[in-house]
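In: Please find the sequence and the predicted model below.
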Amino acid sequence: MSAAPDSAAAGHIPVMLAEVLDALSPRDGGAYLDGTFGGGGYAAAILGAAACTLYAVDRDPDAIARGAALAARFPGRLHLMEGRFGGMLDLLAARGVTALDGVVLDLGISSFQIDQAERGFSLRSDGPLDMRMERSGPTAADLVNTLPERELADLLWELGEERHSRRIARKLVAARGDAPFETTLQLAEAIHAVMPRDPSGMDSATRSFQALRIRVNDELGEVERGLAAAARLLAPGGRLVVVSFHSLEDRIVKRFMRDAAGRTPGASRHDPASLTGQVAPAGYRLLTTAALRPGAAETDRNPRARSARLRALERLQAA
């Protein structure tokens, strides 16, 4: 996630902004939700594109505090809410909102969180081994220092797709026996010590850091809850736009949107439903049959956009 260069997030560029606005298609009088406010990049663009109302959610209290300046620019139109986007139904219900014309979710970690060493997300800047978006609950250090070796290896494999997970887990368990891990550079250096250089140039600790961050913040569970809630909130003609940054997220989004649009794989000939030809009508349609990717000009300008994938879904008009 990233934010608008003309806001408090100067220097942080919103990923695939033109494509997001085109898919969301904000209109005057509409009500929208930015479920991952971050630095306000998408929010500022949506509010500038139409005379609409925008509700913005973020689980990071720092992001909500940053949003005050943007709310002042759009008095009465931007409503900031601290919480998880997976809980958007309750957050909006508390404000009397039961339907939306569009929802945008920019998944993963924000540029602000990466760039603040004290948050413990970056493996390039030394800081406490934290990684909590909400600044509450167990930290990455808690996981690294307490999980059994096998469970730690499974975590790195399943959430980081790290094929050297066993080797890394063995090293971490051995190293923590001498002294617990407390900082990001301690962890990165331990991983580097047992990892071959990645031919792509990616830091060899990247996948392990991703896995820990996803687990600390229950990111994949949050994506599943957020997609289900967003689909329920969409009014007829409303749109859900999701930007993801790694295959685990994108796989969940792709499957959810495909199923919502009735694009499930063909039924077996042994399935009774295939004999009757009766299929439940889909209430949504795909706006993107395949994920959209950023263009070369954008990735040259903003390397963090390279892994971005955009998918969009529209709720069909009521019969």
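Out: On my side now, so go ahead.

In: which residues of this protein fall in helices?
Out: Counting by DSSP state H, the chain has helices at residues 17-24, 41-49, 61-73, 88-93, 111-115, 140-146, 149-160, 165-176, 184-192, 206-217, 219-233, 247-260, 272-276, 296-301.

In: Pick out the shakiest of these, pLDDT-wise.
Out: Ranked by mean pLDDT, the helices of the chain bottom out at helix 272-276, with a mean of 38.

In: OK, contacts around residue 58?
Out: 36-38, 64, 67, 80, 82-83 (CB atoms under 8 Å, 6 or more residues apart in numbering). Where you see a C-beta, it was placed from the backbone N, CA and C, and this is true even at glycine.

In: Of the residues you listed, which one scores lowest on pLDDT?
Out: residue 38 (87).

In: Of the contacts of residue 58, which is the most crowded?
Out: Top of the contacts of residue 58 by neighbour number is residue 37, holding 31 neighbours under the definition other CB atoms under 10 Å.

In: how far away is that one from residue 162?
Out: 30 Å (CB to CB, to the nearest Å).

In: rewinding a little: quick one: closest of the helices of the chain to residue 55.
Out: Among the helices of the chain, the nearest to residue 55 by CB to CB is helix 88-93 (6.4 Å).

In: which parts of the closest one are buried?
Out: 88-89, 91-92 (16 or more other CB atoms under 10 Å).

In: Present the helices of the chain as JSON lines; the columns should include distance to residue 100.
Out: JSON lines is the format used below for the helices of the chain (distance: least, CB to CB, whole Å):
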{"stretch": "helix 17-24", "distance to residue 100": "11"}
{"stretch": "helix 41-49", "distance to residue 100": "12"}
{"stretch": "helix 61-73", "distance to residue 100": "18"}
{"stretch": "helix 88-93", "distance to residue 100": "8"}
{"stretch": "helix 111-115", "distance to residue 100": "25"}
{"stretch": "helix 140-146", "distance to residue 100": "34"}
{"stretch": "helix 149-160", "distance to residue 100": "30"}
{"stretch": "helix 165-176", "distance to residue 100": "40"}
{"stretch": "helix 184-192", "distance to residue 100": "38"}
{"stretch": "helix 206-217", "distance to residue 100": "24"}
{"stretch": "helix 219-233", "distance to residue 100": "5"}
{"stretch": "helix 247-260", "distance to residue 100": "16"}
{"stretch": "helix 272-276", "distance to residue 100": "32"}
{"stretch": "helix 296-301", "distance to residue 100": "27"}
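
In: Select, out of these, the one closest to residue 286.
Out: The nearest among the helices of the chain, by CB to CB, is helix 247-260 at 6.0 Å.

In: just the angle between that closest one and helix 219-233, please?
Out: If you take axes from the mean of the first three to the mean of the last three CA atoms, to 10 degrees, helix 247-260 sits at 30 degrees to helix 219-233.

In: how long is stretch 237-253 from one end to the other?
Out: Stretch 237-253 has its terminal residues 19 Å apart, counting by CA to CA, to the nearest Å.

In: Please apply the same query to stretch 51-65.
Out: Note: stretch 51-65 ends 23 Å apart using CA to CA.
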